[in-house]
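K.L.:
give me coordinates for this.
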Amino acid sequence: MARLNPVASTLTYADYLALPDTGPRLELIDGTTVAMAGPGRLHQAAVTEVVRQLGNQLLGKPCRPYVAPFDVRLAQAGEAEGEERNVLQPDVFVVCDRSKERERSLLGAPDFVLEVTSPSTSSRDHIAKRRLYEAAGVREYWLFDPDTRLLHLYRREEGNFGRPEVVLGVGVHALASLEGVQIDFDLVEKPEGWQLPTLE
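P.N.:
Now for the predicted structure:
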């Protein structure tokens, strides 16, 4: 379960790197560490399948897919390199501007981000992370719940995300941010006993 750790002062990326590399993975949101719970099986199955599809479609192209754990440093106005107070680890992301790549992190916004949500992360994924990705310039942000199969699609329009398109995570969905790239959610493992809802 995610939790905010009590921290007396605001941390930066440099402080974050100096933290002991033991215990749960951490993200840094507005300078506060957030412990990340270990992912469940359906979460991992979804991440693995999505990154497999993206990797196959982006082979030989300039854009590159990544999977957590890999730090994404989202600087706000006035923050120099190393002073970022927001460091996230998206489940899956794609970056096309390869100049943002560093050995241990990405410096700046990815083009596409997919977070696989769970009851312990859903609120943070839908509120805090959406706000940070939007402010940083992420072009497209998807949230997928592997239990309900609900998919929230945020696409940048006129400088912000606006309202999400909410659909069932079944069939093929094209990425608006990456021409010719799509994800087939029928290939993503479904929960035992899950059936497509019917209209009556």
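
K.L.:
leaving out sequence neighbours, find the closest residue to P110.
P.N.:
Nearest residue to P110 in three dimensions, chain neighbours excluded: F93, at 3.9 Å (Cβ to Cβ, 6 or more residues apart in numbering). For the C-beta atoms, the positions are set from N, CA and C on the backbone; glycine is no exception.

K.L.:
okay, and the beta partners of the one you found?
P.N.:
On the basis of DSSP bridges, F93 is bridged to Y66, V113.

K.L.:
who's in contact with E179?
P.N.:
When contacts are counted by Cβ atoms under 8 Å, 6 or more residues apart in numbering, E179 is found next to no other residue.

K.L.:
next, it: phi, psi?
P.N.:
E179 adopts backbone torsions of phi -60, psi 130, taken as degrees, to the nearest 10.

K.L.:
also the one 5 residues further on?
P.N.:
Comment: the main-chain dihedrals of D184 come out as phi -100, psi 100, following degrees, to the nearest 10.

K.L.:
just give me the neighbour total for it.
P.N.:
Using other Cβ atoms under 10 Å, D184 has 13 other residues around it.

K.L.:
low-confidence ranges in the protein?
P.N.:
Low-confidence regions of the chain, defined by pLDDT under 70, span residues 1-9, 198-200.

K.L.:
max-length helix in the protein?
P.N.:
Secondary structure assigned by DSSP state H gives helix 41-58 as the longest helix of the chain.

K.L.:
nearest residue to the middle of the chain?
P.N.:
In the chain, the residue lying closest to the centroid (Cα atoms, centre = their mean) is P90, at 3.0 Å.

K.L.:
so that one makes contact with L114?
P.N.:
Yes: counting by Cβ atoms under 8 Å, P90 touches L114, with 7.1 Å between them.

K.L.:
now do the shared contacts for these two.
P.N.:
Common contacts of P90 and L114, defined by Cβ under 8 Å, 6+ apart, are absent altogether.

K.L.:
how near is the spatially closest residue to P191 that is not a sequence neighbour to P69?
P.N.:
Distance criterion Cβ to Cβ, 6+ apart; nearest residue to P191, sequence neighbours excluded, is D147 at 5.6 Å. In this structure, D147 and P69 are 23 Å apart, going by Cβ to Cβ, to the nearest Å.
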